[in-house]
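>>> Quick one: sequence and predicted model below, then my questions.
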Amino acid sequence: MTGNSDYRRGIALVVTGAALWSLMPLAIRQMGDAGAWQVLFYRSVALIPFLYWVVHRRSGGRTGARLRATGRAGVIGGIGLVFAFAGAIVAIQEVPVANAVFLFAAAPLITAVLAWLLLGEPVRRATWGAIAVAAAGIFVMVREGLVLGAGLGNIAALLSAAGFATFTVTLRWRRLDDMLPAVMVGGILSALVGAAVILARGESFALPVQSLGLAAVMGAGLLGLGMASYTAGSRVVPAAEIGILSLVEMMLAPIWVWLFLGERASAATFAGGAVLLGAIALNALTGMRHRPPPITS
C-alpha cells in the first residue's frame with residue numbers, strides 16, 4: 001500500500017512540476033521590453049537562493065558538499081543548462097509559444113543520441129524510429145519558421161533542447177542521483193553569463209518593478225519549485241512514464257498564452273508538433289516494457 005501511495009504521490013509531483021514549467025512562456029511574454037539576457041540574469045538570481053534552500057534541507061545542511069560532489073559533470077551540465085535556459089527565452093520571445101515548446105520536446109530524443117555517441121548506450125529500434133518521425137515533425141515547423149523569418153527562434157529552441165539533453169547525459173555519465181545541485185550550478189553560470197552579455201552589449205540592468213517581480217516568480221516559483229517537485233517525483237516514477245507525464249508542459253503552454261494573450265499558432269506548427277509529440281509518446285510507451293540499459297564506463 002505504501003508503495004502505491006508513493007507512486008501516486010510521485011506522479012502528482014512530476015505533473016505539478018511540468019504544469020509549473022508550462023506557465024513560463026506566459027510569464028516571459030508578460031515581461032514587456034525586457035531583453036533575453038535580462039530575463040536570464042534576473043530569473044537565475046531568483047532561482048539560486050531557492051535551490052540553495054532546497055538542497056540545504058535535503059542534504060541536512062551539506063549544501064557545499066553536494067555542490068562539490070557534482071564535479072566536472074556539474075560544470076559541463078551547468079553549461080548545458082545555460083544554453084537550455086537562454087535558448088528557451090530567446091525562442092519564446094521570437095516564435096509562437098506552441099512552436100517553441102514543441103521543439104523543446106525533442107530533448108529526450110537528442111539525449112538518446114548523445115548517450116549513444118558519448119556513453120555507448122544502445123538505442124532501441126523503436127527510439128530510432130521515433131527520432132526519424134520526430135525529425136519529420138521538426139522539419140515541418142522549422143521550414144515554416146524559415147519562410148516566416150523566424151529562423152533564429154527555431155534555432156534557439158533546438159539549442160535549448162540540445163542544452164538540456166547535454167545536462168541529462170552528464171548526470172548519467174557521473175551517475176548523479178540528485179540533479180538539483182547541478183541545476184544550482186547551472187543557475188549560477190546562467191546569472192554570470194547573463195550579466196556578462198548585458199555588460200558587453202552596454203545594456204541596462206534596470207527593469208520595471210513588475211518585470212523584476214515576474215522574474216522572481218519565474219526563478220523561485222515556476223522554475224525552482226517546478227524542478228524541486230519534478231525531481232522529488234522522479235525518484236519513484238519510472239523514467240519512461242516521466243517522459244509521458246512531462247508532455248503536460250508542452251500541451252499546457254500553448255493553452256495559457258491562448259487563454260490570456262489570444263496567441264494562436266499556425267496549422268503547420270500544430271501538425272508538426274503533433275507528429276513530434278506523438279513520436280515521443282510512442283517511444284516512452286514502448287520504453288515502459290524495457291528496463292534502461294546499464295551505463296558503460
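Alright, I've got the coordinates.

>>> Name the SS class of Phe205, please.
Secondary structure, DSSP: H, G, I helix; E, B strand; the rest coil: Phe205 is coil.

>>> what about the spatially closest residue to it that is not a sequence neighbour, which helix or strand?
Closest residue to Phe205 apart from its sequence neighbours, by C-beta to C-beta, 6 or more residues apart in numbering: Ile198 at 6.2 Å. Placement of C-beta: from N, CA and C, glycine included. Ile198 belongs to helix 180-200 when assigned by DSSP states H and E.

>>> Would you mind pulling up the elements that the helix or strand harbouring Val55 packs against?
Following DSSP H and E, one finds Val55 within helix 36-58. Applying 3 or more C-beta pairs under 8 Å, 6 or more residues apart in numbering; DSSP states H and E, one finds that helix 36-58 contacts helix 63-69, helix 71-94, helix 180-200, helix 209-216, helix 226-234.

>>> Which positions in that helix come out as buried?
Within helix 36-58, the residues that count as buried by 16 or more other C-beta atoms under 10 Å are 36-48, 50-52, 54-55, 58.

>>> One more: stretch 79-88?
Ile79, Gly80, Leu81, Val82, Phe83, Ala84, Phe85, Ala86, Gly87, Ala88.

>>> got the contact list for Leu176?
Ala69, Thr70, Ala73, Gly74, Ala182 (C-beta atoms under 8 Å, 6 or more residues apart in numbering).

>>> Output the contacting helices and strands for the helix holding Ile198.
helix 36-58, helix 63-69, helix 71-94, helix 151-173, helix 226-234.

>>> Closest one of the buried residues of stretch 79-88 to Leu285?
For those, the residue nearest Leu285 by C-beta to C-beta is Ala84; the value is 25.3 Å.

>>> Give me the neighbour count for the closest residue to the closest one other than its chain neighbours.
Nearest residue to Ala84 in three dimensions, chain neighbours excluded: Gly163, at 3.5 Å (C-beta to C-beta, 6+ apart). Using other C-beta atoms under 10 Å, Gly163 has 24 neighbouring residues.

>>> Please report how far Gly163 lies from Thr269.
22 Å (C-beta to C-beta, to the nearest Å).

>>> swap in Arg175?
On the measure of C-beta to C-beta, Arg175 and Thr269 end up 38 Å apart.

>>> Between these two, which is the more surrounded one?
Thr269 (23 against 9).

>>> Just the CA trace of whichever strand or helix holds Gly278, in PDB.
Assigned by DSSP H and E, Gly278 belongs to helix 267-287. Taking C-alpha atoms only, helix 267-287 is exported to PDB below (Å, rounded to 0.1, in the frame of the first residue of the first chain):
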ATOM      1  CA  ALA A 267      -1.800  24.800 -38.600                       C
ATOM      2  CA  ALA A 268       1.700  23.700 -39.700                       C
ATOM      3  CA  THR A 269       3.000  24.300 -36.200                       C
ATOM      4  CA  PHE A 270       0.300  22.100 -34.700                       C
ATOM      5  CA  ALA A 271       0.700  19.500 -37.400                       C
ATOM      6  CA  GLY A 272       4.500  19.300 -36.900                       C
ATOM      7  CA  GLY A 273       4.100  19.400 -33.100                       C
ATOM      8  CA  ALA A 274       1.600  16.600 -33.100                       C
ATOM      9  CA  VAL A 275       3.900  14.400 -35.100                       C
ATOM     10  CA  LEU A 276       6.800  15.200 -32.800                       C
ATOM     11  CA  LEU A 277       4.800  14.700 -29.500                       C
ATOM     12  CA  GLY A 278       3.300  11.500 -31.000                       C
ATOM     13  CA  ALA A 279       6.800  10.100 -31.700                       C
ATOM     14  CA  ILE A 280       8.000  11.000 -28.200                       C
ATOM     15  CA  ALA A 281       4.900   9.500 -26.500                       C
ATOM     16  CA  LEU A 282       5.200   6.300 -28.600                       C
ATOM     17  CA  ASN A 283       8.900   6.000 -27.700                       C
ATOM     18  CA  ALA A 284       8.100   6.400 -24.000                       C
ATOM     19  CA  LEU A 285       5.200   3.900 -24.100                       C
ATOM     20  CA  THR A 286       7.400   1.200 -25.800                       C
ATOM     21  CA  GLY A 287      10.100   2.100 -23.300                       C
END
